[in-house]
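K.L.:
Take this sequence and fold it.
(6 chains)
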Number of protein chains: 4
Amino acid sequence: MVTNLRADAARNRERVLEVARAEVAEGNVSLQLNEIARKAGVGVGTVYRHFPTPRALLEAVVGKELATMVQLTEQASQMQDIRAAMEFLLRRTLDLQLCTSGGLAEVICAIEDADERTTHAKSEMRRLADHLLERARAAGVIRPEITGEDVRNLMAGLERAVELDPDRADVYVSVLIRGLSG
Amino acid sequence: MVTNLRADAARNRERVLEVARAEVAEGNVSLQLNEIARKAGVGVGTVYRHFPTPRALLEAVVGKELATMVQLTEQASQMQDIRAAMEFLLRRTLDLQLCTSGGLAEVICAIEDADERTTHAKSEMRRLADHLLERARAAGVIRPEITGEDVRNLMAGLERAVELDPDRADVYVSVLIRGLSG
Amino acid sequence: MVTNLRADAARNRERVLEVARAEVAEGNVSLQLNEIARKAGVGVGTVYRHFPTPRALLEAVVGKELATMVQLTEQASQMQDIRAAMEFLLRRTLDLQLCTSGGLAEVICAIEDADERTTHAKSEMRRLADHLLERARAAGVIRPEITGEDVRNLMAGLERAVELDPDRADVYVSVLIRGLSG
Amino acid sequence: MVTNLRADAARNRERVLEVARAEVAEGNVSLQLNEIARKAGVGVGTVYRHFPTPRALLEAVVGKELATMVQLTEQASQMQDIRAAMEFLLRRTLDLQLCTSGGLAEVICAIEDADERTTHAKSEMRRLADHLLERARAAGVIRPEITGEDVRNLMAGLERAVELDPDRADVYVSVLIRGLSG
DNA sequence: TATGAATGAGGCTTCATTCAT
DNA sequence: AATGAATGAAGCCTCATTCAT
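P.N.:
Now for the predicted structure:
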């Protein structure tokens, strides 16, 4: 991703990201740049240089998952069984959202992005997902009035439900799938 | 509700609650007691006396809605058309959750309560809801593996989805209903 | 000035003002509220409560001098010898400006005030000064094109000159007086 | 001015100076070396190499104006009409001070200089000005007790007054001229 | 009981300066 | 000679909570 960076700068950036990732994994989605600097053993300024806002840092943290989402969507697009594709995509999406404690969902549902790479990834993901959804609608697997936006919103909601009882993730996904079905 | 309270104390309590309710309605679920005291025209200490923690205040605020939920659940229990009953209950629940900006959902899904009256109301509501659900399951209106807890969690999630796009509330409710259907 | 204040609050307020006054006297006109809190031995919040902005504090600090200015202007207004009155007023004004390290001049020349009592005092002072100036103009002691605003601006400038060489204060005042003369 | 400098180093120096000059012209007299480096497209280190302190940079920036001042003073010295000479010099000095947002006045009135070329220019300027003043005194155009230092201090003050109301620059200059007159 | 002044930890962000590359 | 990443002190301000009145 970021290449034109001095070796030591890159190392620091990685350390910060690592710490931030750990925070997110622990559920602290509102990242405190000072705290992260301390844990990463770098000066505050360093964190601010790399990530001017908590938002930018969050996007960098979930960037990997967002990229994965794009890949998954593409993968799903290429599956023959459209219902299986939807189930696959939603289930995997949920996993990604969960391991980022909702950070990914937040980035996906945000209207403004801090980093344009986020915007690009999101729009690519949407393009693919909307296309898949179109096929699903045509196949009668998804009700016609459901938009891609709806699915993303419902997924964000689903994630919250699963946070409340992680053991029921599969049940909840199946509820959503059935709910969306035509 | 609260007895053995001097008239002025009761008046203060009400004023605080009113202000807090307005805050919650505006989406400020993490209540700032200082701010509330100021708006209510009472000292901070007074707020703390009546509501030792923000949590306690939140519970007091949504107490009315929680009571309404109990009533609604009871009402739903008495409806003949079980599917209509479920739809009625979920839709109305969502409305209550929305007008408390998720405060109600938070209280309902919380494991620990600050006030035991909350605990009582919640358990009463659960009893009634579980009973309704039992009937719904028997009637084949709800899939058998769905528990009352599941419904509550999914409702909390639904509320988040609706927050993301309030205009789609009806669609999202219908998705949930269908998803729960046997 | 401020009366409806609890005894301890008033004491703290005074302590803060005292420290701030000392700062100003030492030339630190841009008051640092944290620093002042520390020196006054009170919490930062206390300072912020009494003086929401550095500006408000500065105005409070020079309030006394501003009041004195109003008195002096009134006194000057009642003197028979109009030239002596102008000399008296300018010289005394300069003294007040100097002992506030220009803080008074800054407040006087500011367009926006933090405290409306400042605004009142300033407008009272201007009213009196403009009246005196009118008389001075009529008496041919001040050139006709000079406005009250001009005098205030020139006094602010004069203060800077005097800061550069305090020993020459009298000379500089006499230069100004002569410069203003018709 | 600066010799024995590699071509690229000289170019960098110039770029920095240009940016700093623009800052000063806009009123930012306390120069932020980071900011300037960014705008000049050079590293901070480069700025520090050429100008170890903000002060040094400021002196470099107003060096041109200081040189102009020397020229103007010389020019004024050669004018026949001594009153016209004083008026010419003061008015032009004020213009220079204004377009450096007081930076020039600050350098002129400073006791310590960062760069000895500043010291030289200042002393040359003083020599010429004092000489002119001597003539002015002799001609009865300037009051006998006024020193060159006084004039410089008063000019610094005048600049402040003009900053407060730039439209009155001419009036204020005339006040000073008259004030200095014998 | 009520008040609201006081506290001060805790979060934020900037920026002058250094120094490894 | 140039770079610019890194530093971290230093300033800012808020707000949850306590406690003297």
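K.L.:
okay, CA-based contacts and neighbour counts for the rest of this
P.N.:
OK.
K.L.:
any idea how far the most centrally placed residue in chain A is from D:Gly179?
P.N.:
Nearest to the mean C-alpha position of chain A, counting by C-alpha atoms, centre = their mean, stands A:Leu104 at 3.0 Å. A:Leu104 sits 72 Å away from D:Gly179, going by C-alpha to C-alpha, to the nearest Å.
K.L.:
before we move on, what about A:Arg91?
P.N.:
Per C-alpha to C-alpha, A:Arg91 is found 87 Å from D:Gly179.
K.L.:
what do you get for A:Met79?
P.N.:
From A:Met79 to D:Gly179 the distance is 93 Å (C-alpha to C-alpha).
K.L.:
which of those two has more neighbours?
P.N.:
With neighbours defined as other C-alpha atoms under 10 Å in any protein chain shown, A:Met79 and D:Gly179 compare such that D:Gly179 has more, 21 against 14.
K.L.:
Quick check: the gap between the more buried one and D:Ala60.
P.N.:
Counting by C-alpha to C-alpha, the gap from D:Gly179 to D:Ala60 is 33 Å.
K.L.:
Not including adjacent chain positions, what is the nearest residue to A:Met86?
P.N.:
Nearest non-adjacent residue to A:Met86, counting by C-alpha to C-alpha, 6 or more residues apart in numbering or on different chains: A:Ala76, 7.1 Å away.
K.L.:
ok, now A:Ala136?
P.N.:
A:Ala136 sits nearest to A:Ile142 (C-alpha to C-alpha, 6+ apart), 5.5 Å away.
K.L.:
which ones are touching the residue in chain A that DNA strand E sits nearest to?
P.N.:
Closest residue of chain A to DNA strand E, C-alpha to the nearest atom of the strand: A:Gln32 (3.6 Å). Shown in contact with A:Gln32 (C-alpha atoms under 8 Å, 6 or more residues apart in numbering or on different chains): A:Pro54.
K.L.:
Which secondary structure elements does the helix or strand encompassing A:Leu58 sit against?
P.N.:
Assigned by DSSP states H and E, A:Leu58 belongs to helix A:54-77. In this structure, helix A:54-77 packs against helix A:7-25, helix A:82-99, helix A:103-109, helix A:116-138, with contacts taken as 3 or more C-alpha pairs under 8 Å, 6 or more residues apart in numbering or on different chains; DSSP states H and E.
K.L.:
now what about stretch A:12-24, what contacts it?
P.N.:
With contact meaning C-alpha under 8 Å, 6+ apart, stretch A:12-24 is reached by A:29, A:31, A:36-37, A:39-40, A:42, A:46-47, A:50, A:57-58, A:60-61, A:100-101, A:103.
K.L.:
Just the pLDDT for the closest residue to A:Phe88 other than its chain neighbours.
P.N.:
Once flanking residues are discounted, A:Phe88 sits nearest to A:Ala76: 7.0 Å by C-alpha to C-alpha, 6+ apart. pLDDT, A:Ala76: 97.
K.L.:
With A:Gly182 instead?
P.N.:
pLDDT for A:Gly182: 74.
K.L.:
ok, the residue nearest to it when sequence neighbours are not counted to chain D distance?
P.N.:
Nearest non-adjacent residue to A:Gly182, counting by C-alpha to C-alpha, 6+ apart: A:Arg143, 3.9 Å away. For A:Arg143, the distance to chain D (C-alpha to the nearest C-alpha, to the nearest Å) stands at 55 Å.
K.L.:
in chain A, what spans have low per-residue confidence?
P.N.:
A:1-5 (pLDDT under 70).
K.L.:
Around chain B, pick out the residues from it.
P.N.:
A:109, A:150, A:153-162, A:164-165, A:168, A:172, A:174-180 (C-alpha under 8 Å from any C-alpha of the partner chain).
K.L.:
The closest residue to chain C within chain A is in what secondary structure piece?
P.N.:
Here chain A gets closest to chain C at one residue, A:Asn34, 20.0 Å apart by C-alpha to the nearest C-alpha. Assigned by DSSP H and E, A:Asn34 belongs to helix A:33-40.
K.L.:
so what are the domain limits for chain A?
P.N.:
Taking automatic domain parsing as the criterion, chain A consists of the domains A:1-52, A:56-180.
K.L.:
Kindly reformat these as a markdown table containing distance to C:Ala7.
P.N.:
Output for the domains of chain A, formatted as a markdown table (distance: least, C-alpha to C-alpha, whole Å):
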| stretch | distance to C:Ala7 |
| --- | --- |
| domain A:1-52 | 39 |
| domain A:56-180 | 49 |
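K.L.:
Can you check which of those gets nearest to DNA strand F?
P.N.:
domain A:1-52 (2.8 Å).
K.L.:
Please determine whether that closest one lies in contact with DNA strand F.
P.N.:
Yes. Residues of domain A:1-52 are located near DNA strand F by C-alpha under 7 Å from any atom of the strand, namely A:5-6, A:8-13, A:41-46, A:49-50.
K.L.:
Emit the ChimeraX select command for whichever of those are buried.
P.N.:
One line in ChimeraX is enough to select the buried ones among those; burial here means 16 or more other C-alpha atoms under 10 Å in any protein chain shown:
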select /A:12,13,42,46,50
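K.L.:
how about the CA coordinates for stretch A:54-74, as CSV?
P.N.:
Backbone C-alpha positions of stretch A:54-74 (Å, rounded to 0.1, in the frame of the first residue of the first chain) are rendered in CSV as follows:
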residue,chain,number,x,y,z
PRO,A,54,-8.8,8.8,14.7
ARG,A,55,-10.9,8.2,11.6
ALA,A,56,-7.9,7.9,9.3
LEU,A,57,-6.4,5.4,11.7
LEU,A,58,-9.5,3.4,11.9
GLU,A,59,-9.7,3.2,8.1
ALA,A,60,-6.1,2.1,8.0
VAL,A,61,-6.8,-0.5,10.5
VAL,A,62,-9.8,-2.0,8.7
GLY,A,63,-8.2,-1.5,5.3
LYS,A,64,-7.1,-5.1,5.2
GLU,A,65,-10.6,-6.3,6.1
LEU,A,66,-12.1,-4.0,3.6
ALA,A,67,-9.8,-5.4,0.9
THR,A,68,-10.8,-8.8,2.0
MET,A,69,-14.4,-7.8,1.6
VAL,A,70,-13.8,-6.8,-2.0
GLN,A,71,-12.2,-10.1,-2.7
LEU,A,72,-15.0,-12.0,-1.0
THR,A,73,-17.6,-10.1,-3.0
GLU,A,74,-15.8,-11.0,-6.1
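K.L.:
need the contact list for the nearest residue to A:Ala156 once chain neighbours are set aside.
P.N.:
Nearest non-adjacent residue to A:Ala156, counting by C-alpha to C-alpha, 6+ apart: A:Ala105, 5.5 Å away. By C-alpha under 8 Å, 6+ apart, A:Ala105 lies in contact with A:Gln97, A:Met155, A:Ala156.
K.L.:
re earlier: just the buried ones from the residues of chain A next to chain B?
P.N.:
Using 16+ other C-alpha under 10 Å, the buried ones in the residues of chain A next to chain B are A:109, A:150, A:153-162, A:164, A:168, A:172, A:174-180.
K.L.:
In helices, which of the residues you listed fall?
P.N.:
Among those, the members falling in helices (DSSP state H) are A:109, A:150, A:153-162, A:164, A:172, A:174-180.
K.L.:
thinking again about what came up before, what does the helix or strand following the helix holding A:Asn34 contact?
P.N.:
For helix A:33-40, the following helix or strand on the C-terminal side (DSSP H and E) is helix A:44-50. For helix A:44-50, the surrounding residues in contact (C-alpha under 8 Å, 6+ apart) are A:Asn12, A:Arg13, A:Val16, A:Leu33, A:Asn34, A:Ile36, A:Ala37, A:Arg38.
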